[in-house]
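J.: I need the structure of the sequence given here:
(2 chains)
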Amino acid sequence: MASISARRLSKELMEIKNDGCPVGINLIKADDFSTWWFTIEVMGESLYQNEQFTLQFRFDPQYPISSPAVQFIVTEGKQAPVHPHVYSNGHICASILGNEWSPVLSVIAVCVTLQSMLASCKEKQRPIDNDRYVKHAPENPKKTRFHYDGECQCYRIIPIQDLTIRFL
Amino acid sequence: MADESLAQSSPAGSKEDGTEQVQTPKHPVEITEDTDISTLSAAQVYELNQARNLLDLTADVHRPLIDRIVPISQLRAEYERGSPSFVQQINYLESQGYSSLRRTRGDGDCFYRSVAFAYVEKLLHASDPSIAVASALSTLEATPQILESVGFEKMVFEDFYEVLEQLVKNVVSAEASVFDQKLTDEMLLDAFQSPEKSNSIVVYMRMLASAQIRLDPDNFAPFLFHPELGEMMEVREFCEHFVDATGKEADHVQMTALSRILRLNIDVAYLDGRGSTGQVEFVKFQPGETTEVTASSPICLLYRPGHYDILVKSVR
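T.: Predicted coordinates:
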């Protein structure tokens, strides 16, 4: 029997193919059940008019019990949105990607949440500790334990084996 | 309360190891493994649990998700070094026939995992398993529709539901079972020790509790407080943050909700080192709808600040 991760992702993919993505969100790559790419735009009036970003999801075999690793792509000429919770390396400080992840959420639900996070932005600026974080950041944002206190200036980088332990 | 914690904090401060600990109730005290939890204030216990939740990701990893039954004396031995009030309470439990326990990993999911395990085990040991399973299935099979009615997408819960349903069905039927045989104690333990199955069932338990709260907002709304800030929360917000999210511990609200939706009596023994009589308070969660449910024997959990294990009346 296929793993729960593969079963769930195939259902999510089928739903996207049948019903399409919400406005402003487009699936551009889903060749396997490990990495998916979406483009994301903020519709209507916002600080990000005419900007398009690329969002990457990486899934481990424990998805959806464990959260996907989600970040903006910052290579190939792509850039992360300038936002108080988005680091210039594409890492995102959002509780639903960390300690408030729930298997109730789907890939599309995460996209919509991040889209509305951008839509409600009042001032385009990087997190206060952007430079410091980007210098030391792990490749996988799931290795970072962010503190979700409104201001992105507190995080701890934890060894990945600690993170995966509860699902071993 | 403040007076009590003040009065009790002095013995813990002068331990034999000779380290001079200057303690004032307002400032953080150094908490070691010998510290008697009963000497701490509620806020300190909360902090301790928060710290432990982080540590537990590594510290508790060697403990299986659900362990084999052990005599309660094993737990007592852990408290004998510095927690007389806990030892007294464990003696009390033993005198009431609670001779053993089944420990669970302290990962924030322990309440849901304990309930789920004890729920299936109760069916397995029922005097007439086919009646018990039929009754459980009639309740369980109605839950996917309840989940949909409160807004959960079928896609997000059906895989988890199937794992639980299959396990319950295997109590009386070998169909689609792992070794083409009916569920045994050993297979049940295996299922709950296998992360994919075990966590799938935990996720479904969370969704059930969440659905019950969302279904009955009038009843639950007055009790939905942020566990750290103490502020009132909206039903949806509470469920998303403190019920649906993996690893978030359960409190009275979640326990009441799960008991109701599963129509399951849950007794929780509070081993908190408080009180002077050495007795243990049992809090009963009862769906209380029909006499049939009320009459059925409860599953029993042991609560210690921040953690739940399964309490067992006697080894079979």
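
J.: only C-alpha atoms from now on, for both contacts and neighbour counts.
T.: Fine.

J.: what about B:Ala174, distance to chain A?
T.: 18 Å (C-alpha to the nearest C-alpha, to the nearest Å).

J.: so B:Phe223 touches B:Val253, yeah?
T.: Yes: in this structure, B:Phe223 is within contact of B:Val253 by C-alpha atoms under 8 Å, at 6.9 Å.

J.: neighbour count winner among these two?
T.: B:Val253 (18 against 13; other C-alpha atoms under 10 Å in any protein chain shown).

J.: so what's the more buried one up against?
T.: Residues in contact with B:Val253 (C-alpha atoms under 8 Å, 6 or more residues apart in numbering or on different chains) are B:220, B:223-224.

J.: buried set for the strand or helix carrying it?
T.: Using DSSP states H and E, B:Val253 sits within helix B:252-262. Within helix B:252-262, the residues scored as buried using 16 or more other C-alpha atoms under 10 Å in any protein chain shown are B:253-262.

J.: stretch A:48-57 too?
T.: If you call a residue buried by 16+ other C-alpha under 10 Å, then stretch A:48-57 has these buried ones: A:48, A:52-57.

J.: pLDDT of it, averaged?
T.: Per-region confidence: stretch A:48-57 scores 94 on mean pLDDT.

J.: am I right that A:Ile28 sits in a strand?
T.: Yes: residue state for A:Ile28 (DSSP: H, G, I helix; E, B strand; the rest coil) corresponds to a strand.

J.: phi, psi for the most centrally placed residue in chain B please.
T.: Centrality entry for chain B: nearest residue to the mean C-alpha point is B:Phe111, 2.3 Å, by C-alpha atoms, centre = their mean. With angles defined as degrees, to the nearest 10, B:Phe111 shows backbone torsions of phi -60, psi -50.

J.: apart from its chain neighbours, what residue comes closest to it?
T.: Spatial nearest neighbour of B:Phe111, excluding adjacent residues (C-alpha to C-alpha, 6 or more residues apart in numbering or on different chains): B:Tyr308 at 5.4 Å.

J.: nearest residue to the middle of chain A?
T.: A:Val70 (2.7 Å).

J.: got the contact list for that residue?
T.: Applying C-alpha under 8 Å, 6+ apart, one finds that A:Val70 lies in contact with A:55-58, A:91-92, A:97, A:141.

J.: switch to 7 Å and redo it
T.: By C-alpha atoms under 7 Å, 6 or more residues apart in numbering or on different chains, the residues touching A:Val70 are A:56-58.

J.: ok, B:Arg63 next?
T.: Neighbouring residues of B:Arg63 by C-alpha under 7 Å, 6+ apart: B:Arg105.

J.: per-residue pLDDT of it, please?
T.: 87.

J.: and it, that's in a helix?
T.: No: applying three-state DSSP, one finds B:Arg63 to be coil, outside a helix.

J.: state the phi and psi torsions of it.
T.: Note on B:Arg63: its backbone torsions stand at phi -80, psi 130 [degrees, to the nearest 10].

J.: leaving out sequence neighbours, find the closest residue to the closest residue to chain B within chain A.
T.: Nearest residue of chain A to chain B, counting by C-alpha to the nearest C-alpha: A:Ser102, 4.3 Å away. Counting by C-alpha to C-alpha, 6+ apart, B:Ala245 is the residue found nearest to A:Ser102 once chain neighbours are left out, at 4.3 Å.
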